[in-house]
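> Below is the sequence, then the predicted model.
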Amino acid sequence: MKKTEGWVTAPQGFLAAGVKAGIKASGNHDVAVIFSTVPAACGAVFTQNKMCAAPVLVSREVNKHGYAQAIAVNSGCANACTGEQGLADAKKMQAHTAELLGIAPEAVFVCSTGVIGQFLPMDKLLTGIADAVDSLDECEGESCAMAIQTTDTFIKHAAYETEIGGKKVTFAGIAKGAGMIHPNMCTMLSFVTTDAAIAQPLLLEALQADVCDTYNMISVDGDTSTNDTCLLLANGMAENPVISEKNEDYDRFCEALRTVNEYLAKQMAGDGEGATALCEVKVIGAETKEQAKIISKSVITSNLTKAAIYGHDANWGRILCAMGYSGAQFDPEKVDLFFESAAGKMQIIKDGVALDYSEEEATKILSEPEVTAIADIKMGTAEATAWGCDLTYDYVKINADYRS
């Protein structure tokens, strides 16, 4: 498998476009459409927040059909907590896109992201969708990725090529997310496309399992949003033998999906609002994967740990504390702890006790834009990794002024 240049249009048969419809006060791109020229097997995972947005309710129904052909999305307004009008607007967004593309409404996913509690400016949105449909092209993937951003500071995208069943298969994805990011889905939109041929039940199973190890393992601020959506479309145009059972081809499909989703998840974590560093927490030597997940997620969500990373401070006590209140069972007197980055690797705890390490060297390691904490709990061979970012003054500034 190799990384390649490209956007969601990299796989065969996918077109996309993003336009400026005037929904965002900034005047930036804010409406996008992704279209498969043939029906595609689909899978989706949504927010677990009970206050889910209208587009989530509509898209859940699309997901039940198992096949889709388009995604219509806007940024600048979440269409969340908008009652019956919001639901009607999401359905109108869906129907309008379907009519323009000449497909059934139930083949169109709809997504929105932005400020909660505001109604969609439907005239602008519907005009924007029409403009996006008119602009659909293999070369408009970048404008599409721009249109789904909110407080993101850079475009998040990935594309990889692999071989399945003797055929070249491409996987690609775009995502947005910087704030209200927390495990159990987060304020994120992620759209993954592939030209692989796979039975829909296996596609959905692969996606649901993968989300648990990627998007659900990131955290920025501990807030789970109302609009989180991860969509996967597979249109089969690579013409590989249809993956209908869990075999070597299925494993290669899962590997490619994992690579794209993990890359996008890490980009979101590293772009946390106000962040200066991507922080990775890896728990090794665990008895079970679930145990390792619980501990790593507890550390990555600790505000005290995140603040220490911002200060380049090797305050290991905060990490051990977060491990201790995670609820997972382990022996504190067996824990080894390491810090690692491009500047080097250092062990600071052995068997639960601090070593005589150099604070200056530790600060140097923690001053890199990507830092890793590795905790070995010496109970088995299972492991898990979580991703987050440091907590800075700018996080408060961004969210204090979000609506204005």
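Right, received. Where do you want to start? Numbering: from 1, shown residues only.
> The longest strand along the chain: how far from the chain's middle?
In the chain, with assignment by DSSP state E, the single longest strand is strand 31-46. On the basis of Cα atoms, centre = their mean, to the nearest Å, strand 31-46 sits 16 Å off its chain's mean C-alpha point.
> go on, stretch 127-135?
26 Å.
> ok, and for stretch 134-143, which residues are buried?
Going by neighbour count (16 or more other Cβ atoms under 10 Å), the buried part of stretch 134-143 is Ser135, Leu136, Glu140, Gly141, Glu142, Ser143. Any C-beta I mention is one placed from the backbone N, CA and C, and that applies to glycine too.
> Give me the spatial nearest neighbour of the third one, chain neighbours excluded.
This points to Glu140. Spatially, and ignoring its direct neighbours in sequence, Glu140 is nearest to Ala17 (4.2 Å; Cβ to Cβ, 6 or more residues apart in numbering).
> next one: the one helix or strand the one you found maps to to chain centre, how far?
Following DSSP states H and E, one finds Ala17 within strand 14-19. Averaged C-alpha coordinates place strand 14-19 at 20 Å from its chain's average position (Cα atoms, centre = their mean).
> Over to stretch 382-398?
Here stretch 382-398 is found 14 Å from its chain centre; the criterion is Cα atoms, centre = their mean.
> what do you get for stretch 149-162?
10 Å.
> pLDDT (mean, whole number) over that stretch?
Averaging pLDDT along stretch 149-162 gives 93.
> quick one: buried residues of that stretch?
Gln149, Thr150, Thr151, Asp152, Ile155, Lys156, His157, Ala158, Ala159, Tyr160, Glu161, Thr162.
> picking up where we left off before, what angle do the longest strand of the chain and strand 14-19 make?
Using axes from the mean of the first three to the mean of the last three Cα atoms, to 10 degrees, the direction of strand 31-46 lies 120 degrees away from that of strand 14-19.
> Pull out the buried residues from strand 31-46.
So strand 31-46, judged by 16+ other Cβ under 10 Å, has buried residues 31-36, 39-46.
> got JSON lines for these, with pLDDT too?
Output for these, formatted as JSON lines (pLDDT from 0 to 100):
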{"residue": "Val31", "pLDDT": "98"}
{"residue": "Ala32", "pLDDT": "98"}
{"residue": "Val33", "pLDDT": "98"}
{"residue": "Ile34", "pLDDT": "98"}
{"residue": "Phe35", "pLDDT": "98"}
{"residue": "Ser36", "pLDDT": "98"}
{"residue": "Pro39", "pLDDT": "97"}
{"residue": "Ala40", "pLDDT": "98"}
{"residue": "Ala41", "pLDDT": "98"}
{"residue": "Cys42", "pLDDT": "97"}
{"residue": "Gly43", "pLDDT": "96"}
{"residue": "Ala44", "pLDDT": "94"}
{"residue": "Val45", "pLDDT": "92"}
{"residue": "Phe46", "pLDDT": "89"}
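> hey, what's the residue nearest to Glu140 bridged with?
Val33 (DSSP bridges).
> got the contact list for it?
Ala32, Val33, Ala132, Val133, Asp134, Ser135, Leu136, Asp137, Glu140, Ser143, Cys144 (Cβ atoms under 8 Å, 6 or more residues apart in numbering).
> quick one: which of those is nearest Asn227?
Ala32 (14.7 Å; Cβ to Cβ).
> doesn't Ala70 make contact with the closest one?
No. Using Cβ atoms under 8 Å, Ala32 is not in contact with Ala70; the gap is 10.8 Å.
> which of the buried residues of stretch 134-143 sit farthest apart?
Checking the buried residues of stretch 134-143 with Cβ to Cβ, the most distant pair is Leu136 and Glu142, at 13.7 Å.
> After the longest strand of the chain, which helix or strand is next?
Strand 31-46 is succeeded, C-terminally, by helix 54-65 (DSSP H and E).
> quick revisit: any chance of TSV for the buried residues of stretch 149-162, columns distance to Ala54 and secondary structure?
Converted to TSV, the buried residues of stretch 149-162 look like this (distance: Cβ to Cβ, whole Å; DSSP: H, G, I helix; E, B strand; the rest coil):
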residue	distance to Ala54	secondary structure
Gln149	21	coil
Thr150	17	coil
Thr151	22	coil
Asp152	23	coil
Ile155	26	coil
Lys156	24	strand
His157	27	strand
Ala158	29	strand
Ala159	31	strand
Tyr160	33	strand
Glu161	37	strand
Thr162	36	strand
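> from the contacts of Ala17, which ones fall inside strands?
Using DSSP E, Ala32, Val33 are the members of the contacts of Ala17 that sit in strands.
> From Val110, how far off is Ala104?
In this view, Ala104 and Val110 are 14 Å apart by Cβ to Cβ, to the nearest Å.
> What of Ala256?
Distance from Ala256 to Val110, counting by Cβ to Cβ: 26 Å.
> returning to that earlier point: more neighbours, Ala104 and Val110?
The neighbour count for Ala104 versus Val110, taken as other Cβ atoms under 10 Å, is higher for Val110 (30 against 15).
> Alpha carbons only: can I get the strand or helix carrying the more buried one in PDB?
Taking DSSP H and E as the definition, Val110 sits inside strand 108-115. The C-alpha trace of strand 108-115 is given here as PDB (Å, rounded to 0.1, in the frame of the first residue of the first chain):
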ATOM      1  CA  VAL A 108     -28.300  11.200  -0.700                       C
ATOM      2  CA  PHE A 109     -26.500  11.600   2.700                       C
ATOM      3  CA  VAL A 110     -26.800  15.200   4.200                       C
ATOM      4  CA  CYS A 111     -24.400  16.700   6.700                       C
ATOM      5  CA  SER A 112     -24.100  20.100   8.400                       C
ATOM      6  CA  THR A 113     -21.500  21.600  10.700                       C
ATOM      7  CA  GLY A 114     -21.200  25.000  12.400                       C
ATOM      8  CA  VAL A 115     -23.100  26.900  15.000                       C
END
